[in-house]
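Peer 1: got a predicted model here, sequence first, then my questions.
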Amino acid sequence: MFCGDQPLLSRMLTEAGVAAHPRIRFVHSDDQVSMADKPSLALRTKRDSSMRHALDLVEQGTVQACVSAGNTGALIAMAHYVLKMLNGVERPALVSALPSCNGKPVYMLDLGATVNCDADTLFQFAVMGAVMAEEVIGIRAPRVALLNMGEEEIKGSDQIKRASQLLQECRDLNYIGYIEGNDIFSGKADVIVCDGFVGNVALKTCEGVAKLILKRAQQGVKQRPFAALLSWLCKPALKSLYQGMNPDQYNGASLIGLRGIVVKSHGNATKDAFLSAIRQAVCEVQRQVPAKIKDRLEQVLIDKA
């Protein structure tokens, strides 16, 4: 189901040759949320936007998930307002799978939904991240770590230390302690937990470094003929490496902690990348992720009582 400007969508689908597909339906929207709109303003004034209509459809049960490439802040605010939080969850989190050295994805959260997190919120994020790793990837007893400025227990803010204490006391989680930024992709942990500010900065830094490496490699090949020959000889290995690291397959950050499924795609996603976001949403629907998070949190709260 497509939410948006129906004439425009129909024209684009016709050009793509899929307009006659029997499962395609439309919900027309006269308005849209721009990338420049403030979340609070969008929440108050964009009730007839495509984003709001899509979330309303999830809340009504007409559709089972929403996938959006729109304004992240507005999507978080609207989803929070329309879908509401699960019992036991104070704030939502953006979680995404990242590549690792052992070939298995690692889940990292929060990536920007909640900038300021107290210890209880970080604890809730850890529980939700563990459920994602178990249900979506199929990892039994996923290793959960807190992202910190060092592995020693004396390091970190008071909230980080308190969250670590809560996680150590939780028998339902396989908590392994702190992890540093240089180990995000090492495979030491299956779930990495941090506040939204740290997570977003870390993610954007990693993306920037990846672009730098690619740019330098391209420049080196152009400047040195021997490097071009070596690149050609290593093409099969490089192709395999790229397939494992291709960011398109990791597109789609899930906004978890809500009573419905919402997946945020990059705004500049390719068709393959957007397909990955849709597949992520389908997987969460099939695995009933919100219900599994709710059940796990209830069990954890009972054990803590």
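Peer 2: In hand now; what should we look at?

Peer 1: do I have it right that G177 meets E151?
Peer 2: Yes. Here G177 reaches E151: they are 6.6 Å apart, a contact under C-beta atoms under 8 Å. For the C-beta atoms, the positions are set from N, CA and C on the backbone; glycine is no exception.

Peer 1: the two: who's more crowded?
Peer 2: G177 (17 against 13; other C-beta atoms under 10 Å).

Peer 1: what's next to the helix or strand encompassing that one, contact-wise?
Peer 2: Using DSSP states H and E, G177 sits within strand 174-179. Contact with strand 174-179 is made by 126, 130, 141-148, 150-153, 155-156, 160, 164, 167-168, 188-189, 192, as judged by C-beta atoms under 8 Å, 6 or more residues apart in numbering.

Peer 1: can I have the buried ones of those residues as a PyMOL selection?
Peer 2: For the buried members of those, the matching PyMOL selection, counting by 16 or more other C-beta atoms under 10 Å, is:
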select buried, resi 126+130+142+143+144+145+146+147+148+156+160+164+167+188+189+192
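
Peer 1: mind checking which of the contacts of strand 174-179 land in strands?
Peer 2: 143-147, 192 (DSSP state E).

Peer 1: tell me the one of those residues nearest L75?
Peer 2: Using C-beta to C-beta, I192 comes nearest to L75 of those, at 22.7 Å.

Peer 1: who does that closest one form a beta bridge with?
Peer 2: Counting by DSSP bridges, I192 is bridged to M108, A145.

Peer 1: who touches stretch 287-295?
Peer 2: Residues contacting stretch 287-295 (C-beta under 8 Å, 6+ apart): 86-89, 127-128, 131-132, 134-136, 254, 256-261, 284.

Peer 1: quick one, which of those residues are buried?
Peer 2: Buried members of the contacts of stretch 287-295, scored by 16+ other C-beta under 10 Å, are 86, 88-89, 127-128, 131-132, 134-136, 254, 256-261, 284.

Peer 1: helices - which of those residues land there?
Peer 2: Secondary structure assignment by DSSP state H places 127-128, 131-132, 284 of the buried ones among the contacts of stretch 287-295 in helices.

Peer 1: closest one to L297 out of these, please.
Peer 2: Nearest member of those to L297, counting by C-beta to C-beta, is V127, at 5.7 Å.

Peer 1: OK, contacts around the closest one?
Peer 2: V127 is in contact with 170, 172-173, 293, 296-297, 300, counting by C-beta under 8 Å, 6+ apart.

Peer 1: what do you get if the cut-off is 6 Å, keeping everything else the same?
Peer 2: Neighbour list for V127: 296-297, 300 [criterion: C-beta atoms under 6 Å, 6 or more residues apart in numbering].

Peer 1: equivalent analysis for Y81, please.
Peer 2: Y81 makes contacts with L43, as judged by C-beta under 6 Å, 6+ apart.

Peer 1: is it fair to say it lies in a strand?
Peer 2: No. Under DSSP: H, G, I helix; E, B strand; the rest coil, Y81 falls outside any strand and is assigned helix.

Peer 1: could you check which helix or strand contains L75?
Peer 2: Since the elements are taken from DSSP H and E, L75 ends up inside helix 72-83.

Peer 1: after that helix comes which helix or strand?
Peer 2: strand 93-98.

Peer 1: let me know the average pLDDT across that next one.
Peer 2: The pLDDT scores in strand 93-98 average 94.

Peer 1: any regions of this protein where pLDDT drops low?
Peer 2: 217-247, 302, 304-305 (pLDDT under 70).

Peer 1: all helices of it, in order?
Peer 2: Under DSSP H, the chain gives helices at 6-16, 39-45, 50-60, 72-83, 119-132, 158-169, 196-223, 225-233, 235-245, 271-287, 289-304.
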